[in-house]
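Need a 3D model of the following:
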Amino acid sequence: MFQQEEHPWRPGVNRGTFQPCARQVADRTCNSVVAERAGARYPTSVHTFDPAAPSPDAARTSPAASRNLEPILEVLRAHLPASGPVLEVAAGTGQHAAAFAAALPGLDWTPSDPSADARASVEAWRDNGPANLKPCLPVDVLDAETWPDATFKAVFCANMIHIAPAAATSALMRLAGRVLTRPGGLLVIYGPFLEPDVATAPSNLAFDDSLRSRDPDWGLRDRDAVIAAAGEHGLAFTLRKAMPANNLMLLFRAWP
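Numbering: from 1, shown residues only. As a prediction, the model looks like this:
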């Protein structure tokens, strides 16, 4: 079993190694594993297995995002830097982006999504959102021409890689490897995974079957394969965090 505390890169301390960090994050209860993400080459936030509902001001909401927001935020509070720029990949409805920016006012939170519908929803959230919630960028992990030139202290991606082509996983790692500050930039991935040393919950097996029946290139990704893909782009795995409803958060740090 993997460690429950992150071992982040710390500049100037035993260069080339990770040092333990004494931070624990408690799990909270949430109900189901569903996809809410958007994408030009994967499902949009307005055609989801857990339907996104429009509100009067065009800011869409998702029951999935409502349920998993607080558990995810608790982990982000423990590991994100106190200040600096953060890029969210596949922001979907923008519900996460608005909530996380409001809860973490020292961060400049930049959402992104290749879907025009998703970006419209994010911008609707921005209309009444905090000042540190930045305009939504049209980032498509499968199209490097859309990637930002800026650098970020952290990259966050939730519920995307299992409802996207398999190539999106390595593309996400390549993007993070390019835009994260080094050393120490943080990549955070949230969602369901297959784990060789952990029994897969029946609900996750059924979810995987359902995804693959829709598109053979979708499906839950193997945790170790995701870790290996990250390593190919200079991202060291630092934490596996069990989350409600059989999800995980996987954390990685950018090496020099």
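
Return the per-residue confidence for Arg240.
The model reports Arg240 with a pLDDT of 98.

burial count for it?
The tally of other residues near Arg240 (other CB atoms under 10 Å) stands at 19. Placement of C-beta: from N, CA and C, glycine included.

go on, Asp208?
Other residues close to Asp208 by other CB under 10 Å number 18.

Next: Ala101.
Count around Ala101 with other CB under 10 Å applied: 25.

One more: the one 3 residues further on?
Around Leu104 there are 20 other residues, counting by other CB under 10 Å.

Wasn't Pro85 part of a strand?
Yes. The assignment for Pro85 (DSSP: H, G, I helix; E, B strand; the rest coil) places it in a strand.

List the beta-bridge partners for it.
Judged by DSSP bridges, the bridge partners of Pro85 are Asp108.

measure it to Leu220 for me?
From Pro85 across to Leu220, the span is 30 Å (CB to CB, to the nearest Å).

So for the two, which residue has more residues nearby?
Leu220 (22 against 19).

mind listing what that one touches?
His162, Pro192, Phe193, Leu194, Asn204, Phe207, Asp208, Leu211 (CB atoms under 8 Å, 6 or more residues apart in numbering).

Give me the subset of these lying in helices.
Using DSSP state H, the subset of the contacts of Leu220 located in helices is Asn204, Phe207, Asp208, Leu211.

May I see the contacts of Leu220 arranged in CSV, with distance to Asp143 as well?
Formatted as CSV, the contacts of Leu220 follow (distance: CB to CB, whole Å):
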residue, distance to Asp143
His162, 20
Pro192, 25
Phe193, 25
Leu194, 27
Asn204, 30
Phe207, 27
Asp208, 27
Leu211, 23
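
Next, name the residue at the spatial heart of this structure.
Cys157 (1.7 Å; CA atoms, centre = their mean).

Helix, strand or coil: sort out that residue for me.
Applying three-state DSSP: Cys157 is strand.

circling back: just the buried subset of the ones in helices among the contacts of Leu220, written out for PyMOL, thanks.
Those of the ones in helices among the contacts of Leu220 that count as buried under 16 or more other CB atoms under 10 Å are selected in PyMOL with:
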select buried, resi 204+207+208+211
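
in the stretch 101-250 of the chain, which spans are helices?
Using DSSP state H, counting those that start in this stretch, the helices found in the stretch 101-250 of the chain span residues 116-127, 167-179, 202-214, 223-231.

Just send those back as TSV, with mean pLDDT and distance to Phe252 too.
Below are those laid out as TSV (pLDDT from 0 to 100; distance: least, CB to CB, whole Å):
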stretch	mean pLDDT	distance to Phe252
helix 116-127	95	25
helix 167-179	98	7
helix 202-214	97	22
helix 223-231	98	5
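
how about those, which one is nearest Leu250?
helix 223-231 (6.7 Å; CB to CB).

ok, and what's touching that closest one?
Around helix 223-231, the neighbours that count as contacts under CB under 8 Å, 6+ apart are 161, 169-170, 173, 176, 187, 189, 193-196, 236-237, 240, 248, 250, 252.

again, only this time at 10 Å
2, 161, 166, 169-174, 176-177, 187, 189, 191, 193-198, 221-222, 235-237, 240, 248, 250, 252-255 (CB atoms under 10 Å, 6 or more residues apart in numbering).

got the buried residues for that helix?
Buried residues in helix 223-231 (16+ other CB under 10 Å): Arg223, Val226, Ile227, Ala229, Ala230.

quick one: the second one and Leu186, what's the gap?
Distance, Val226 to Leu186, by CB to CB: 16 Å.

cool, and the third one?
Ile227 is 15 Å from Leu186, where distance means CB to CB.

Please apply the same query to the fourth one.
From Ala229 over to Leu186 the distance is 17 Å, taken as CB to CB.

quick one, strands of the stretch 51-200 of the chain?
84-89, 107-111, 154-158, 186-191, 193-194 (DSSP state E, counting those that start in this stretch).

The last one pairs with which strands, parallel or anti?
Counting by DSSP bridges, the strands paired with strand 193-194 are strand 221-222 (parallel).
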